[in-house]
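> next input, structure requested:
(one chain, ligands or ions: 1)
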Amino acid sequence: MDFELTQRQKQIRSAAREFAEGEFPGVAREYDRREEFPKELWKKACELGFIGVFIKKDYGGLGLGFLEFAIVMEEFWRVDPGCGNILLTAFGAELIQLYGTEEQKKKYLPPLTKGEAIMGCAITEPDAGSDILSILTLAKREGDQYVINGAKQFITNGSIANYLAVFCLTHPEAESRLKRFGVLLVETDRPGFGALKITGKMGIRASDTAELRFSDVKVPKENLIGMKDGEGFSQIMQLFNINRVIATFQGVGVAQGALDKAIQYVKKRKQFGQPIGTFQAVQFRIAEMATWVEAARVLGYQAGWMIDHGKVDPKLISMAKWLAGEVGVKVTNEALQLHGGYGYIADYDVERFYRDAKIVELYEGTKEIEKNTIAREILGDYR
Ligand SMILES: Cc1cc2nc3c(=O)[nH]c(=O)nc-3n(C[C@H](O)[C@H](O)[C@H](O)COP(=O)(O)OP(=O)(O)OC[C@H]3O[C@@H](n4cnc5c(N)ncnc54)[C@H](O)[C@@H]3O)c2cc1C
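Numbers count the residues shown, from 1 in each chain. This is a model prediction of the structure:
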C-alpha cells in the first residue's frame, strides 16, 4: 500500500494551488457579492489546462484521471468555492468521454478545454430531485429527431452553457423502469429552450444556477449520448459515482481553506493578554478540525483511486461524499466560531466559506441519499 501522491499528482496539486492563490483572493468576494460567474478566471483556467483535465489528449484535455481532477478541485475550493466551480464548466463531459460516439467526442469535448464552450448536466426537475426515476421531461422520437418537452431545476451553468446533457424519458413505455431513459445533448441556442438564472443562493454564488424550460426543442437522433437507447439511467449513475468523488474534494477543500484561516487567526488574535491559540480549548478545536479534514481526504483518495482503477464502489464513494460534506459544514462552522464576531462579517472569508460549504450536503445526492446507499449496500434490500 502506497499513501504517497505520485510526482505528477504533486506537480498538478502545486500548479492548481499556485493558480488559485494567485487569481482568486483579489476577486472572490466581489463575484460572490454580485452573484456573477467569473468568466475571466474560467478563460485563464482553460489556457492553463485546468478545465477537463480528465478529457483524453485526443480531444484537447490532459488525459489525467478523475483523482487528479479531484486534487485540482480541492485546491480551487480551498481558496474559494464559488470561483473554484469554474471547474464544473465541463460538467457532463464525463458522460461524453465514457459513453459518447467518436463524433460526439470530437464535436463536444475540445471546445470545453479551449474555453470556447461551457456545458452542464440537467437531471433534477421541480418534482424529481432525489427520486430521479420520477423525472417527466419527455424526449419523443419523431423520425430522425427527438422532440423535448419538460423542465429542469437548479442546473449548474444553466444560463451560461452552450450545450447541456439532459436526462430525459426516451422510452416511457419500457417494461423495466431503469430502461426508460436517455441522455441527450442539447445546444442552448435551439428554438424552444429557455433558461432563467436563479439568484439569492446561500453560497457558491459565483457559480451559475438556473431553471430550464424545454418547449418542443428538437435535436437530431445523433445527439443521444452513445446512440444507445435505454442506457440513460446507468450512464447517470456512473456520472454520480465520479462526481460524488469530485464533490468529496469540494468538501475537503472548503474545510482545509477554513482551517488554514482559523490557524492564522488564532495565532494572531490576542485576548486576556495572549494569542487565543494558546488556550487549550482552542488548540483542541484546531486538532479536531485537522483530523476531520485528513480523514475525509484519505477516504476520498481511496474512492477516487478505485474509480481510476476500474473498481467503482458506490458504498465507499457515498461514505466519502457524506463524510466530506459533514466535515465541510463542521469545520467552516468551527472556523467562524474561532473568529468570534469578525467571522460573522463578509470582510472575513470564513463567513463566505460557511455559506459555501452547505452545498456539498445537498447536490450530487443529499447526505440522506448517501446514507441510503451506504445502508443498502451493508444491509441489503431486505424489505
Ligand atoms: C446550487 C445547486 C446546484 C445544483 N446543480 C445541479 C446540476 O447541475 N444538475 C442537476 O441535475 N441538479 C443540480 N442540483 C440539484 C440537486 O442535485 C438537488 O437539489 C438534490 O438532488 C436534492 O433534490 P431536491 O432539492 O429536489 O430535494 P428532495 O429530493 O425533495 O429532498 C428534500 C429532503 O428530503 C430528503 N429525502 C428525499 N428522499 C429521501 C429518502 N428516500 N430518504 C431519506 N431522505 C430523503 C432529502 O435528503 C432532503 O433532505 C443543484 C442544486 C443546487 C442547490
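
> contact distance from the ligand - what residues of the protein qualify?
For the chain, the contact set with the ligand under C-beta under 6 Å from any ligand atom comprises 120-124, 129-130, 154-156, 201, 209, 359, 362-363, 366, 368-369, 372. For every residue, glycine as well, the C-beta is placed using N, CA and C.

> who's in contact with the nearest residue to residue 123 once chain neighbours are set aside?
Of all residues not flanking residue 123 in the chain, residue 167 sits nearest, at 4.4 Å (C-beta to C-beta, 6 or more residues apart in numbering). Residues near residue 167 by C-beta atoms under 8 Å, 6 or more residues apart in numbering: 121-123, 132, 135, 137, 181, 183, 232, 236.

> next, the contact list for the nearest residue to residue 373 once chain neighbours are set aside, please.
The shortest distance from residue 373 to any non-neighbouring residue, by C-beta to C-beta, 6+ apart, is to residue 318 (4.1 Å). Residue 318 sits next to 244, 365, 370-371, 373-374 when contact means C-beta under 8 Å, 6+ apart.

> which secondary structure element is home to residue 318?
Element membership for residue 318 (DSSP states H and E) is helix 314-338.

> now the closest residue to the ligand within the stretch 51-200 of the chain, what are its backbone angles?
Nearest residue of the stretch 51-200 of the chain to the ligand: residue 129, at 1.8 Å (C-beta to the nearest ligand atom). When read as degrees, to the nearest 10, the backbone of residue 129 gives phi -100, psi -90.

> count of neighbours near it?
By other C-beta atoms under 10 Å, the residues close to residue 129 number 18.

> quickly list what residue 168 is bridged to.
Beta-bridge pairing of residue 168 under DSSP bridges involves residue 182.

> spit out the contact partners of it.
135, 137-139, 146, 148, 150, 181-184, 232.

> going through those, which ones are buried?
135, 137, 139, 146, 148, 150, 181-184, 232 (16 or more other C-beta atoms under 10 Å).

> what's the pLDDT at the residue nearest to residue 226 when sequence neighbours are not counted?
Residue nearest to residue 226 in three dimensions, not counting chain neighbours: residue 99, with 4.0 Å by C-beta to C-beta, 6+ apart. On pLDDT, residue 99 comes in at 97.

> before we move on, what about residue 381?
Listed pLDDT for residue 381 reads 71.

> and it, how many residues sit next to it?
Here the count is done by other C-beta under 10 Å, and residue 381 has 7 residues near it.

> secondary structure class for it?
Following DSSP: H, G, I helix; E, B strand; the rest coil, we place residue 381 in the coil state.

> what distance do you get for it to the ligand?
Distance of residue 381 to the ligand, computed by C-beta to the nearest ligand atom, to the nearest Å: 13 Å.

> kindly list the longest helix within this protein.
The longest helix of the chain (DSSP state H) is helix 232-268.

> pretty sure residue 214 contacts residue 150?
Yes: in this structure, residue 214 is within contact of residue 150 by C-beta atoms under 8 Å, at 5.2 Å.

> could you tell me which residues touch both of these two?
Both residue 214 and residue 150 are in contact with residue 137, where contact means C-beta under 8 Å, 6+ apart.

> lovely, talk soon.
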